[in-house]
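S.K.: coords below, sequence missing:
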């Protein structure tokens, strides 16, 4: 993964804000407890870094589009995180009790319109960025 930023911090912040606004995400820190604020800020830092690197963009519909960066990742095409639907959430109903990551990847796969194995094949930061996007969209 290249270390040089291709997007300046101010533009990355504006894109993050546009994403949260268009996806109608509740990111008001005044309504969060300390633990939630810490988690939110960690997710925000991770997504801002991905935007700065050019790996994460927000499309015209406000959807996050992430292009895996790690050579170890088995999936290389950009992943578009569409707004979740009830059908996306129902995907976890077919998973076994206690298989939490399987359930998570099933929902993520529905949102991105790919097979759940795509997320199992992502390495390092690629999986972390996708999981961060998912966490925000599941608010």
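M.R.: Good, I have the coordinates. Computed from a prediction, not measured in an experiment: that's the story for all the values here.

S.K.: ok, residue 131 - how many residues close by?
M.R.: Per other CB atoms under 10 Å, the neighbour tally for residue 131 reads 17. Yep, even glycine has a C-beta here, placed from its N, CA and C like the rest.

S.K.: And the helix or strand containing it, what does it pack against?
M.R.: In this assignment (DSSP states H and E), residue 131 forms part of helix 125-137. The contact analysis (3 or more CB pairs under 8 Å, 6 or more residues apart in numbering; DSSP states H and E) places helix 125-137 against helix 34-53, strand 64-66, strand 79-81, helix 100-112.

S.K.: Can you give me the neighbour number for the nearest residue to residue 8 once chain neighbours are set aside?
M.R.: Excluding the flanking residues, the one nearest residue 8 by CB to CB, 6 or more residues apart in numbering is residue 52, at 7.5 Å. Neighbour count of residue 52, defined by other CB under 10 Å: 19.

S.K.: same question, residue 76
M.R.: 11.

S.K.: residues in contact with the residue lying closest to it once chain neighbours are set aside?
M.R.: Nearest non-adjacent residue to residue 76, counting by CB to CB, 6+ apart: residue 68, 5.8 Å away. Applying CB atoms under 8 Å, 6 or more residues apart in numbering, we find residue 68 in contact with 55, 75-77, 79, 122, 126.
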